[in-house]
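The following comprises the amino acid sequence and a computationally predicted model.
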Amino acid sequence: QVQLVESGGGLVQPGESLRLSCVASGSIFRINTMAWYRQAPGKQRELVADISSKDTTTYADSVKGRFTISRDDAKNTLYLQMNDLKPEDTAVYYCNANVLKMRPISPLELWGQGTLVTVSS
């Protein structure tokens, strides 16, 4: 079974930092683009940042300069370093990956189960 598992969410105060992790496991041939999305209460899911297999990154305007996305392909792991967190960053954060799975080799889009980040004083 191919899956993504996130970790690292929690409750922090404004201005503090958190690092989210997302591990891909299972019969994966190759991981292509990976991304973090978030969904705040009552709002649609939005793209926070993504990173290609060549480490090209894009960010939502609301997080530029504060968040950094990175990946460790040796560990099949995606990260999101979040600094200077604000109350408006409160949301469930989801990991997303486009992979080629094995047996047979075929494309698959994966989503994690989500991890809650709450920023509050």
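Sure, I can see it.

Spatially central residue in the protein, please.
Residue closest to the mean C-alpha point of the chain, counted by Cα atoms, centre = their mean, is W36 at 3.0 Å.

Report the contact partners of that residue.
The contact partners of W36, taken as Cβ atoms under 8 Å, 6 or more residues apart in numbering, are 20, 22, 47-50, 69, 78, 80, 93-96. Every C-beta, even on glycine, is put in place using the N, C-alpha and C of the backbone.

For it, which non-adjacent residue is closest in space?
Counting by Cβ to Cβ, 6 or more residues apart in numbering, W36 lies nearest to V48, which is 4.4 Å off, once chain neighbours are set aside.

Please identify the buried residues of whatever helix or strand that neighbour lives in?
Assigned by DSSP states H and E, V48 belongs to strand 46-51. Along strand 46-51, the positions that meet the burial threshold by neighbour count (16 or more other Cβ atoms under 10 Å) are 48-51.

Nearest to V117 among those residues?
For V117, the nearest member of these is V48. The distance, counting by Cβ to Cβ, is 10.5 Å.

before we move on, back to that, mind putting the contacts of W36 in CSV, distance to Q1 and pLDDT included?
As requested, the contacts of W36 are exported to CSV (distance: Cβ to Cβ, whole Å; pLDDT from 0 to 100):
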residue, distance to Q1, pLDDT
L20, 22, 98
C22, 16, 98
L47, 26, 98
V48, 26, 98
A49, 26, 98
D50, 24, 98
I69, 25, 98
L78, 18, 98
L80, 24, 98
Y93, 22, 98
Y94, 18, 98
C95, 16, 98
N96, 17, 98
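
and of those residues, the nearest to T115?
Using Cβ to Cβ, Y93 is the member of the contacts of W36 that sits closest to T115, with 5.4 Å.

Please report how far the residue nearest to W36 lies from T118.
In this structure, V48 lies at 16 Å from T118, with Cβ to Cβ, to the nearest Å as the measure.

and if you look at S106?
38 Å.

the more surrounded of those two?
T118 (14 against 10; other Cβ atoms under 10 Å).

quick one on the thing from earlier: what sits against the residue nearest to W36?
35-38, 59-60, 63, 67, 69, 80, 93.

Include distance to L100 and secondary structure when you put the residues you listed into TSV, please.
Formatted as TSV, the entries for the contacts of V48 read as follows, by distance: Cβ to Cβ, whole Å; DSSP: H, G, I helix; E, B strand; the rest coil:
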residue	distance to L100	secondary structure
A35	16	strand
W36	21	strand
Y37	21	strand
R38	26	strand
Y59	26	strand
A60	27	coil
V63	29	coil
F67	27	strand
I69	21	strand
L80	23	strand
Y93	25	strand
